[in-house]
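Asks: 3D, please:
(2 chains)
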Amino acid sequence: DAGVIQSPRHEVTEMGQEVTLRCKPISGHNSLFWYRQTMMRGLELLIYFNNNVPIDDSGMPEDRFSAKMPNASFSTLKIQPSEPRDSAVYFCASSGASGGNNEQFFGPGTRLTVL
Amino acid sequence: GQNIDQPTEMTATEGAIVQINCTYQTSGFNGLFWYQQHAGEAPTFLSYNVLDGLEEKGRFSSFLSRSKGYSYLLLKELQMKDSASYLCAVRFYGNNRLAFGKGNQVVVIP
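Replies: Numbering: from 1, shown residues only, chains lettered A, B, ... in the order given. Reported below is the predicted structural model:
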């Protein structure tokens, strides 16, 4: 099993540019999560999908952030326009059915630097 | 609310035992997870508690008291590779959402 796949692993961009982060969840998992991690705020949930449908996007900081999941094997997180304060590590995670001890499996993350 | 509180850093000697605490204030509690995160890497699952008591998995054990909103992770026979951040996360009833604490950095020294 390849695990959760994220791309790119590193992204350096200039303020104002559009950034698109990509995620492929583990095959068969029906929940997908986008997190942001910084030293100051720790690991924060941005949005999560269940069966490709956004369930909770209360963590999305503002309208500059958007996420889509067009099918069960792909999701994107887009920031437009990007700002220096968006610099963080963005993790995608997936899990199986709700409940029980279905842990979330994390991808390797995308380290985003906005100059 | 979902205040999840963890102390920030501790140092321990190889072979020793260390206890990492986590307190939470949340409604709709439906399970607590512990994750390990090495520097520059993704979090990886360690343990899960939903009922009161102790869950043991090899050198790692996790305890939960729901009435006290309290959990701890016990690391025994510490090894150098255990140097990492340990994150507790609370799941909410009715969905798969996890709220993470900021993590406790454990540094293992020879």
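
Asks: Quick one: the strands in the chain, in order.
Replies: This is for chain A. For chain A, applying DSSP state E gives strands covering A:5-7, A:10-13, A:19-24, A:31-38, A:42-50, A:53-56, A:65-71, A:74-79, A:88-95, A:105-106, A:110-114.

Asks: Correction: the question concerned chain B.
Replies: B:2-5, B:9-13, B:18-26, B:29-37, B:44-49, B:53-57, B:60-65, B:70-75, B:84-92, B:98-100, B:104-109.

Asks: neighbouring strands for the fourth one, and are they parallel or not?
Replies: To tie it back to what came earlier, the one meant is strand B:29-37. strand B:44-49 (antiparallel), strand B:84-92 (antiparallel) (DSSP bridges).

Asks: Let me have those strands in TSV, extended by mean pLDDT.
Replies: Listed next are the strands paired with strand B:29-37 as TSV, based on pLDDT from 0 to 100:
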stretch	mean pLDDT
strand B:44-49	95
strand B:84-92	93
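
Asks: Next, format these as a markdown table and append mean neighbour count.
Replies: All C-beta spots, glycine's among them, are computed from the backbone N, C-alpha and C. Shown next, in a markdown table, are these (neighbours: other C-beta atoms under 10 Å in any protein chain shown):
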| stretch | mean neighbour count |
| --- | --- |
| strand B:44-49 | 18 |
| strand B:84-92 | 24 |
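
Asks: so which of the strands of chain B is the most packed in?
Replies: Mean neighbour count (mean count of other C-beta atoms under 10 Å in any protein chain shown) peaks for strand B:84-92 among those, with a mean of 24.

Asks: Next, the angle strand B:104-109 makes with that one.
Replies: Using axes from the mean of the first three to the mean of the last three C-alpha atoms, to 10 degrees, the direction of strand B:84-92 lies 150 degrees away from that of strand B:104-109.

Asks: what's the angle between strand B:84-92 and strand B:60-65?
Replies: Using the same axes, to 10 degrees: strand B:84-92 against strand B:60-65 is 40 degrees.
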